[in-house]
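Participant: Here is my input, please return the structure:
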Amino acid sequence: MATNRRDFLKGTAWMGVTAALSGRFLNAADKLSAPGYMSGYAAPALKTVRVGHVGLGMRGPGAVHRMAAIPGVKVAALCDLYPNRVAAQQKWLTDNGHEAAAEFSGPEGYKALCESDIDLVYITSPWHLHVPIALYAMEHGKHVAIEVPAAMNMEECWACVETSERTGKHCMQLENCCYGAVEMFCLNMARQGAFGEIMHGEGAYIHDLRDLNYLDPAQGGYQGYWRLKWNADHHGNPYPTHGLVPIMQAMNINRGDQFDYLTCVSTRQHGMDEYAKIKFGENSWQAQLHPKCGDMSTTVIKTILGRTIMIQHDVTSARPYSRINTISGTKGIVSDYPFRVALAKTPGGGAHEWMNSQALDEVYAKYEHPLWHDAGLLAQKMGGHGGMDFLMDLRLIYCLQNGLPLDMDVYDLAASCSLCELTERSALNRGQSQDIPDFTRGGWKTAKPLGIETVDLAKLGLSDVTEDKDALNV
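Facilitator: Have a look, this model is predicted:
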């Protein structure tokens, strides 16, 4: 490959333009009505949800296929930088009995998609494009659902909040891990008081991505090496939400408690240099890149009510995948990878050992989340990270069709994504604490916690197909 380090870094210019794009939309705020609070907000019900998909590279095709399988959804528009990707998903739709979607492509194709006759823009583009697309969509009257992390800096976080409030359009981060079986089990336990007073949580994204980060885009790697470019230029934790947002739900962050401040420290970067040197040679542009992002980033958050949360990020070490998924309270603890539970046997007693397999099965059956109980089999058959992607999409559509508040709102998006910038600031300043803004502006004090929500499969027209995937139009 002829690319050298200088040519590679030229491609990072986009990292400084996103804030300017978001500011362009925010300048219109003075001409419009005062903001409205979005926590618990229910938009008018949509009998049919017309979805436009932007970004059809790695994650986009799966989202198209899942959405197309849900009754009451019309995949109405497809967009990607490259027309051949649009054509591939168009062929999939028509080959599988679905109506053809409108096609858009090119660097600004998303604008025409947002201006078309759709209800929801589903964004699976590279990180730096998330917010410009989302803002343009909301400004044109569309709800938005954005892959993680939805925003990469504080200005983008505030832009999403203010635009969602002003337009009255949902701005949801597609945090699929909130719909994992263990995470939802923990949420149900928390709501039923099984943890007692929750005092601490631990989450992470530990996933060796070196092969994928350096993979040539022509061979299936990230388009334009966008993820590697981010690691090359940034410190801290650029991908905090998988481990964090499920803990936020269990702790009622933004709905009874609030982030206060954080501190972050990172190791030096070594794993990517070592990999690049071995894989491509010492004189390659890959080996000369020297990314800034440390191998392991560890963040500790303190909440207003005195709880703590530890969040880690490591995509360069030879370690098995883990999100940690730990919730700890005065009555017990759940921890994942491997899945373990320990609960006090008597009031005020201790929990000194993990449950055996029989007790684990019993406690899981007792606290299995209703959404997994009702739709878990269907989700596993439909796929998407073991079914959690499908459950996420199913709940999103169910809420839009029935005029219900979404499980995750724009304040959850902003609070979790604020870590992208704040952890970098802290890591660059010897772990100096960073205040985390209250994106709800005090609304967290009265906002209602997320309940134990499920879906009525009969309303979705899916009650007869839970045992038969072939009955779905996929």
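Participant: How about the most centrally placed residue in the chain: what's its closest non-neighbour residue?
Facilitator: In the chain, the centroid-proximal residue (C-alpha atoms, centre = their mean) is E175; its distance is 2.8 Å. Distances taken as C-beta to C-beta, 6 or more residues apart in numbering place V245 nearest to E175, at 4.5 Å, with adjacent residues excluded. Where C-beta positions appear, they are placed from N, C-alpha and C, glycine not excepted.
Participant: Could you find the closest non-adjacent residue to L371?
Facilitator: T454 (4.4 Å).
Participant: For the one you found, give me the backbone phi and psi.
Facilitator: Backbone torsions of T454, given as degrees, to the nearest 10, read phi -140, psi -160.
Participant: Secondary structure class of N237, three-state.
Facilitator: What DSSP: H, G, I helix; E, B strand; the rest coil gives for N237 is coil.
Participant: pLDDT value on it, please?
Facilitator: Here the pLDDT value assigned to N237 is 98.
Participant: likewise the one 4 residues further on?
Facilitator: Per-residue confidence at T241 stands at 98 (pLDDT).
Participant: quick revisit: for the residue nearest to L371, the count of nearby residues, please.
Facilitator: 18 (other C-beta atoms under 10 Å).
Participant: likewise S284?
Facilitator: 17.
Participant: One more: M152?
Facilitator: 22.
Participant: N254 now?
Facilitator: 27.
Participant: And E421, by the same measure?
Facilitator: Around E421 there are 20 residues (other C-beta under 10 Å).
Participant: Might you report the residue contacts of the residue nearest to L371?
Facilitator: The contact partners of T454, by C-beta atoms under 8 Å, 6 or more residues apart in numbering, come to 369-371, 373-375.
Participant: do you know how far the residue nearest to the centre of the chain is from E274?
Facilitator: Distance, E175 to E274, using C-beta to C-beta, to the nearest Å: 31 Å.
Participant: for C114, same thing?
Facilitator: Applying C-beta to C-beta to C114 and E274 gives a distance of 43 Å.
Participant: What backbone torsions are found at I436?
Facilitator: phi -100, psi 120.
Participant: quick one on the thing from earlier: name the residue in C114 and E274 with the higher neighbour count.
Facilitator: More crowded of C114 and E274, by other C-beta under 10 Å: C114, with 25 against 14.
Participant: Alpha carbons of stretch 42-52, in PDB - could you do that?
Facilitator: Extracted in PDB, the C-alpha atoms of stretch 42-52 (Å, rounded to 0.1, in the frame of the first residue of the first chain):
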ATOM      1  CA  ALA A  42     -43.900  10.700  24.000                       C
ATOM      2  CA  ALA A  43     -44.200  11.800  20.400                       C
ATOM      3  CA  PRO A  44     -47.400  11.200  18.400                       C
ATOM      4  CA  ALA A  45     -47.900   7.600  17.600                       C
ATOM      5  CA  LEU A  46     -46.900   6.400  14.100                       C
ATOM      6  CA  LYS A  47     -49.000   3.500  12.700                       C
ATOM      7  CA  THR A  48     -46.200   2.900  10.100                       C
ATOM      8  CA  VAL A  49     -42.700   3.900  10.800                       C
ATOM      9  CA  ARG A  50     -40.900   4.900   7.600                       C
ATOM     10  CA  VAL A  51     -37.200   4.400   8.200                       C
ATOM     11  CA  GLY A  52     -34.200   5.900   6.300                       C
END
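Participant: residues of it that come out buried?
Facilitator: 43, 46, 49-52 (16 or more other C-beta atoms under 10 Å).
Participant: do you know how far the residue lying closest to Y37 once chain neighbours are set aside is from I247?
Facilitator: With C-beta to C-beta, 6+ apart as the criterion, Y37 has its nearest non-adjacent residue at 5.5 Å, and that residue is G443. According to C-beta to C-beta, G443 stands 20 Å off from I247.
Participant: can you check T299 too?
Facilitator: Distance from T299 to I247, by C-beta to C-beta: 12 Å.
Participant: Please apply the same query to P44.
Facilitator: Taking C-beta to C-beta, one finds P44 at 32 Å from I247.
Participant: R66 too?
Facilitator: 25 Å.
Participant: between those two, which one's more packed in?
Facilitator: Neighbours per residue (other C-beta under 10 Å) separate R66 from I247, with I247 holding more: 29 against 23.
Participant: Now do the same contact list for that one.
Facilitator: Going by C-beta under 8 Å, 6+ apart, I247 touches 201-203, 253, 309, 327.
Participant: Closest one of those to N188?
Facilitator: Among the contacts of I247, I327 lies closest to N188 (C-beta to C-beta), at 11.3 Å.
Participant: helices or strands next to the helix or strand where that closest one lies in the packing?
Facilitator: Counting by DSSP states H and E, the element that carries I327 is strand 326-329. In terms of contacts (3 or more C-beta pairs under 8 Å, 6 or more residues apart in numbering; DSSP states H and E), strand 326-329 is packed against helix 181-191, strand 198-206, strand 332-335.
Participant: The second one relative to helix 181-191, how many degrees between them?
Facilitator: Put plainly, it is strand 198-206. 170 degrees (axes from the mean of the first three to the mean of the last three C-alpha atoms, to 10 degrees).
Participant: In the chain, where is pLDDT below threshold?
Facilitator: 1-35, 464-474 (pLDDT under 70).
Participant: What residue in it is the furthest from its centre?
Facilitator: Most peripheral residue of the chain (C-alpha atoms, centre = their mean): T346, 37.9 Å.
Participant: ok so it is a helix residue?
Facilitator: No: applying three-state DSSP, one finds T346 to be coil, outside a helix.
Participant: Identify the residues contacting it.
Facilitator: T346 neighbours (C-beta under 8 Å, 6+ apart): none.
Participant: Would you mind giving both backbone torsions of G256?
Facilitator: Dihedral angles for G256 - degrees, to the nearest 10 - are phi 130, psi -20.
Participant: Distance of it relative to M248?
Facilitator: On the measure of C-beta to C-beta, G256 and M248 end up 11 Å apart.
Participant: Which one of those two is surrounded by more residues?
Facilitator: M248 (26 against 15).
Participant: thinking the more buried one is in contact with N254, fair?
Facilitator: Yes: between M248 and N254 there is a contact at 7.1 Å, judged by C-beta atoms under 8 Å.
Participant: what do these two both touch?
Facilitator: With C-beta under 8 Å, 6+ apart, M248 and N254 have common neighbours 412, 415.
Participant: coming back round to it: compare the helices and strands packed on strand 326-329 and give me the one nearest I304.
Facilitator: So among the helices and strands packed on strand 326-329, strand 198-206 is nearest, using C-beta to C-beta, at 13.7 Å.
Participant: Contacts for the closest one, please.
Facilitator: 190, 239-240, 242-244, 246-247, 250-251, 306-315, 317, 319-330, 335.
Participant: if you set the cut-off to 6 Å instead, what comes out?
Facilitator: 239, 242-244, 247, 251, 307-314, 319, 322-324, 326-329 (C-beta atoms under 6 Å, 6 or more residues apart in numbering).
Participant: Which of these fall within strands?
Facilitator: 308-314, 326-329 (DSSP state E).
Participant: Could you work out the most separated pair of those?
Facilitator: Top of the distance list for the ones in strands among the contacts of strand 198-206 (C-beta to C-beta): D314 and G329, 26.4 Å.
Participant: Now stretch 141-161: buried residues?
Facilitator: Going by 16+ other C-beta under 10 Å, stretch 141-161 has these buried residues: 142-161.
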